[in-house]
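Novice: show me how the following folds:
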Amino acid sequence: YVDLGADANGAWDAGAARQALDRLEPVDLEYIEQPLPAAELSETARLRSATDVPIALDESLATHSVETVLTADAADIIVLKPMALGGPDRAVDVARRAREAGVEPVVTTTIDAVVARTAAVHVAGAIPDVAACGLATSGLLADDLAPDPCPVADGRIAVPDGPGLAGDAFRDLL
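Specialist: Got it, this is the predicted structure:
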């Protein structure tokens with residue numbers, strides 16, 4: 001069994017999005033990500049109310065505040081990119097606020113190198129019962145800064161619990 005999602009990257013207008021979602025409804029997608037341009041939040045809310053396909057918003061979080069997105073009732077899911085949101089602590093806070101509003105968080109990266117990617121793994125690990133996340137992106141890089149401490153094994157990523165990538169380098173600062 002595999003969950004499928006699709007990302008329109010905001011490329012559709014309202015008519016094309018509605019037509020696509022009508023056709024995709026039988027596929028039982030996990031969600032469709034950013035079906036409309038990020039600026040069209042009210043139109044996305046109308047689309048969400050007219051379909052059974054869950055709507056995930058990503059780029060909308062760069063255009064609108066989290067509060068605006070949640071208040072607009074335009075998303076079933078929000079895609080959190082910790083480095084784009086200002087860091088791990090802010091991403092965890094956004095996930096908490098989303099859940100309080102009945103919106104599910106999903107954590108992904110902006111195809112980050114190992115340091116930010118590992119931080120995103122920790123964010124996902126800090127969100128109780130988080131859905132499958134988009135964190136297996138290390139293979140998309142030609143080179144990385146260090147070996148990956150969070151490799152994918154059997155479709156899962158274990159959150160590291162030992163010293164970070166710097167090892168004991170900062171131990172004397174404590």
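
Novice: who's in contact with the lowest-mean-pLDDT helix or strand in the chain?
Specialist: Within the chain, no helix or strand scores below strand 152-153, which has a mean of 87 by mean pLDDT, DSSP states H and E. Residues outside strand 152-153 that contact it (C-beta atoms under 8 Å, 6 or more residues apart in numbering): residue 136. Just so you know, the C-beta spots here come from the backbone N, C-alpha and C atoms, and that holds for glycine as well.

Novice: what pairs with it, and is each one parallel or antiparallel?
Specialist: Paired neighbours of strand 152-153 in the sheet (DSSP bridges): strand 156-157 (antiparallel).

Novice: can you tell me what sits against the partner strand?
Specialist: Residues lying outside strand 156-157 but in contact with it, judged by C-beta under 8 Å, 6+ apart, are 121, 124, 135-136, 150-151.

Novice: reformat those residues as a markdown table; add pLDDT and secondary structure.
Specialist: Conversion of the contacts of strand 156-157 to a markdown table gives the following (pLDDT from 0 to 100; DSSP: H, G, I helix; E, B strand; the rest coil):
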| residue | pLDDT | secondary structure |
| --- | --- | --- |
| 121 | 93 | helix |
| 124 | 94 | helix |
| 135 | 87 | coil |
| 136 | 84 | coil |
| 150 | 87 | coil |
| 151 | 87 | coil |
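
Novice: pLDDT wise, what is residue 51 at?
Specialist: Among the per-residue scores, residue 51 holds a pLDDT of 94.

Novice: then the one 3 residues further on?
Specialist: Note on residue 54: pLDDT of 97.

Novice: please tell me how far it sits from residue 128.
Specialist: In this structure, residue 54 and residue 128 are separated by 20 Å, where distance is defined by C-beta to C-beta, to the nearest Å.

Novice: residue 101 now?
Specialist: Distance check for residue 101 against residue 128: by C-beta to C-beta, it reads 16 Å.

Novice: of these two, which one has the most company?
Specialist: Per other C-beta atoms under 10 Å, whichever of residue 101 and residue 128 has more neighbours is residue 101, with 15 against 8.

Novice: surely that one touches residue 70?
Specialist: Yes: taking contact to mean C-beta atoms under 8 Å, the distance of 4.3 Å between residue 101 and residue 70 places them in contact.

Novice: thinking again about what came up before, list only buried entries from the contacts of strand 156-157.
Specialist: The neighbour-count test (16 or more other C-beta atoms under 10 Å) marks 121, 124, 135-136, 150 as buried among the contacts of strand 156-157.

Novice: which two of those have the greatest separation?
Specialist: Put simply, by C-beta to C-beta the two of the buried ones among the contacts of strand 156-157 set farthest apart are 124 and 136, 11.4 Å from each other.

Novice: helices of this structure, residue ranges please.
Specialist: Assignment of helices within the chain using DSSP state H yields the ranges 14-24, 41-49, 60-63, 66-72, 82-85, 88-100, 114-126.

Novice: perfect, that will be all.
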